[in-house]
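K.L.:
pasted the sequence and its predicted model underneath.
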Amino acid sequence: LNTLTPSDITIVKSMKSPPPGVRLVMESICILKGIKPERVNDPAPVKKMDDFWKPSQKVLGDMKFLQSLREYDKDNVSPPIIKKIRNTYIPNPEFVPEKIRQASNAAEGLCKWVRAIEAYDRVAKVVAPKKAALAIAESKFAEAQKSLNAKRAMLKEVQ
């Protein structure tokens, strides 16, 4: 994110019909931010499909867009959202920064951010129980240390 500038974001926002890679990245950003798609007519008759491009343009138009990504609450991503990212975007062979770069440098940076949020969530789920166990062990150690110091003090009195 630190490599992206507001002008990079403006370039993406101003795309009339963005390449599929840019659409894919912005769709994943909208999902992470909890932004709903628009229902538009599918080329197949009588069907509607989700379209994230118009909502994406609104998100990109926010002057604090990059700041909102930097301050994103990565510790509290809801399970359904992270599941959708994990199942739909991460395994997608088109959702790779190297391929996205061909469409847009800004979208490449945003793709890396989405992948980093998913990786952080995966690691945090493993580390959280270990942190809790560490806190319990440290409190038990502090109690034992306190008891030991009391016993040492009693021993000094006896000597």
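P.N.:
Here it is on my side, so go on.
K.L.:
what sits closest to Gln102 if chain neighbours are left out?
P.N.:
Gly21 (7.0 Å; CB to CB, 6 or more residues apart in numbering). C-betas here are computed from N, CA, C, even on glycine.
K.L.:
packing partners for whichever strand or helix holds the one you found?
P.N.:
In this assignment (DSSP states H and E), Gly21 forms part of helix 20-33. The contact analysis (3 or more CB pairs under 8 Å, 6 or more residues apart in numbering; DSSP states H and E) places helix 20-33 against helix 53-61, helix 79-84, helix 97-103, helix 105-158.
K.L.:
re earlier: relative to Ile90, how far out is the residue nearest to Gln102?
P.N.:
Per CB to CB, to the nearest Å, Gly21 is found 15 Å from Ile90.
K.L.:
if I pick the residue positioned nearest the centre of the chain, what's in contact with it?
P.N.:
Centroid check for the chain by CA atoms, centre = their mean gives Ile117 as the closest residue, at 2.7 Å. By CB atoms under 8 Å, 6 or more residues apart in numbering, the contact set of Ile117 is Leu32, Tyr72, Lys74, Val77, Ile85.
K.L.:
just curious, which of those residues is nearest to Lys130?
P.N.:
Relative to Lys130, the closest of these is Lys74; by CB to CB it sits at 18.0 Å.
K.L.:
no more questions from me, cheers.
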